[in-house]
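In: how would this look folded up:
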Amino acid sequence: MQARARWIFGYGSLIWRPDFAYLEKRAACVRGLARRLWQGSPDHRGAPDAPGRVATLVPRRAARCWGVAYRVADGVWDAVLARLDARESGGFERCPVDVGFADSAQALAPALTYIAHAHNPNFLGPAPLAAIADQVRRASGRSGSNAAYVLELAAALRALAVRDAHVFGVAARLSAEVG
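Out: Prediction:
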């Protein structure tokens, strides 16, 4: 009998740096949610007095957010969740989602992801792309610069052939100043 496996959906840094054991990695999407750089990061990509901005998911009726789903063995599931709970701190909550896979017309699969909702104390919310880029440019934390995070996210999305106007808009403003 094969051990049961479960899915984790990543739409931010989990795309390029999952940092946990998994059995399979597949391009996947969730419907009704859009990726936005609206969550404050007072630790990983910023400081308490100068938070960075990281991705979260916000409800948008017609949206489809593409990322990566990781199939995790049942035997390591609890350890993976403990590791992710520690990593996705500062306002993120574990949330159930249904993922669809890019390479399959199969039914949706249940998964877990981490979402920072608007009610959390580090939620920064919407701002003009130029203002977001300015904040990102100045922020840095224990996981590195906030600009590196946004540029890595944009590169990871391009590698998946995903278009994300919000992330790409911020990344373009950051790249324009570097180049």
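
In: In this structure Arg138 contacts Ala50, no?
Out: Yes - taking contacts as Cβ atoms under 8 Å, Arg138 lies within contact range of Ala50: 6.4 Å. (Glycine included, C-beta is placed from N, CA and C.)

In: For this protein, which segments count as helices?
Out: With DSSP state H as the criterion, the chain has helices at 77-87, 129-138, 146-159, 165-178.

In: Turn those helices into a markdown table, columns for mean neighbour count and mean pLDDT.
Out: Rendered in a markdown table, the data for the helices of the chain read as follows (neighbours: other Cβ atoms under 10 Å; pLDDT from 0 to 100):
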| stretch | mean neighbour count | mean pLDDT |
| --- | --- | --- |
| helix 77-87 | 15 | 96 |
| helix 129-138 | 18 | 98 |
| helix 146-159 | 20 | 98 |
| helix 165-178 | 16 | 91 |
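
In: between the ones you listed, which one is nearest to Val54?
Out: helix 146-159 (6.5 Å; Cβ to Cβ).

In: what's next to the closest one, contact-wise?
Out: Outside of helix 146-159, the residues within contact range by Cβ atoms under 8 Å, 6 or more residues apart in numbering are 12-13, 15-16, 37, 41, 45-46, 52-55, 66, 135-140, 143, 163-164, 167-168, 170-171, 174-175.

In: how deep is Asp103 tucked in, by neighbour count?
Out: Taking other Cβ atoms under 10 Å as the neighbour definition, Asp103 ends up with a count of 8.

In: What does the pLDDT read for Met1?
Out: In the prediction, the pLDDT value recorded for Met1 is 36.
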